[in-house]
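1. please work out how this folds:
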Amino acid sequence: MIKFDCFIFDVDATLVDTETVIDNIWKTWAKSVGIDFSLVQQHIHGRKIEETLRCVNSVLASDEQILAVKSIAVNEMKKATAIPGALEFVSKLDQGSWAIATSGPRNIASTSLHAAGFELPRVMVCAEEVSKGKPEPEPFLVAAKMLNVSPEQCVAFEDSPVGIKSAKTAGCYTIALLTSHDAVDLAEADLIVDGFDSLILSKVEDKYCLAIRSNI
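-> Predicted coordinates for the structure are as follows:
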């Protein structure tokens with residue numbers, strides 16, 4: 001059993017099942033600019049929009065193209081649904097004890113969370129709040145600071161290698177969910193689980209306790 005004060009969650013493929021939605025966003029954009037989606041796909045998970053565009057082609061990382069992707073995303077994110085077990089897990093947390101740390105813009109993250117049935121937490125660290133996104137540690141450092149705790153007092157939930165690197169570098173205990181990547185890609189995490197249903201959450205006095213659910 002491990003004990004912590006606060007939780008910091010990524011959004012896409014962590015709380016919200018957006019993997020297909022995100023693929024559709026970038027497929028639509030790639031088609032609009034005449035690029036093969038396969039050139040884009042490897043860069044889309046865990047990064048800010050402008051960083052994904054820069055990875056594909058630095059010339060495309062313009063304000064015009066960033067706005068084009070955001071426009072597609074706002075509509076597509078309305079189709080998002082919750083990752084199994086995520087709503088139940090988060091519902092057990094006090095409002096002031098959890099935060100969002102996402103590479104996505106605030107309006108897109110808010111749209112997908114609302115569509116999936118989540119109430120927004122008081123602390124949301126989105127693309128607008130940081131100068132350096134994942135895999136840099138800034139998103140998780142800012143989230144922990146806004147929660148008034150040290151990163152070492154936080155559990156971070158992630159699904160991607162870049163997100164795990166960000167959380168680990170910040171100092172968070174990091175749990176990887178097998179929602180979008182294989183375990184070998186997530187090996188840097190402190191713990192890898194199939195999903196929220198693999199965990200037992202409880203609270204003892206002022207500490208949250210996490211245990212692994214036995215299959216026996």
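2. going by the annotation, which residue ranges form each domain of the protein?
-> The record's domain parsing of the chain by automatic domain parsing lists 2-17+80-212, 19-78.
3. looking at these, which is buried most?
-> Comparing the domains of the chain by mean neighbour count (mean count of other Cβ atoms under 10 Å), domain 2-17+80-212 comes out on top with a mean of 20. Just so you know, the C-beta spots here come from the backbone N, C-alpha and C atoms, and that holds for glycine as well.
4. in a strand, that's where Ile200 is, yeah?
-> Yes: assessed by DSSP: H, G, I helix; E, B strand; the rest coil, Ile200 belongs to a strand.
5. Ser150 and Thr18, how far apart?
-> 30 Å (Cβ to Cβ, to the nearest Å).
6. now do Gly195
-> 15 Å.
7. just Leu191 next, same as before
-> Distance of Leu191 to Thr18, computed by Cβ to Cβ: 23 Å.
8. low-scoring stretches of this protein, by residue?
-> The chain contains residues with pLDDT under 70 at 215-216.
9. now do the strands in it.
-> Here the chain has its strands, by DSSP state E, at 2-4, 6-9, 16-17, 81-82, 98-101, 123-125, 154-158, 173-177, 191-193, 199-204, 207-212.
10. format the ones you listed as CSV; extra columns: distance to Glu138.
-> Formatted as CSV, the strands of the chain follow (distance: least, Cβ to Cβ, whole Å):
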stretch, distance to Glu138
strand 2-4, 21
strand 6-9, 13
strand 16-17, 22
strand 81-82, 27
strand 98-101, 9
strand 123-125, 8
strand 154-158, 13
strand 173-177, 16
strand 191-193, 23
strand 199-204, 27
strand 207-212, 24
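11. among these, which is nearest His45?
-> Between His45 and these, the shortest separation by Cβ to Cβ is 10.5 Å, and it involves strand 154-158.
12. having no further points to raise, I will conclude here.
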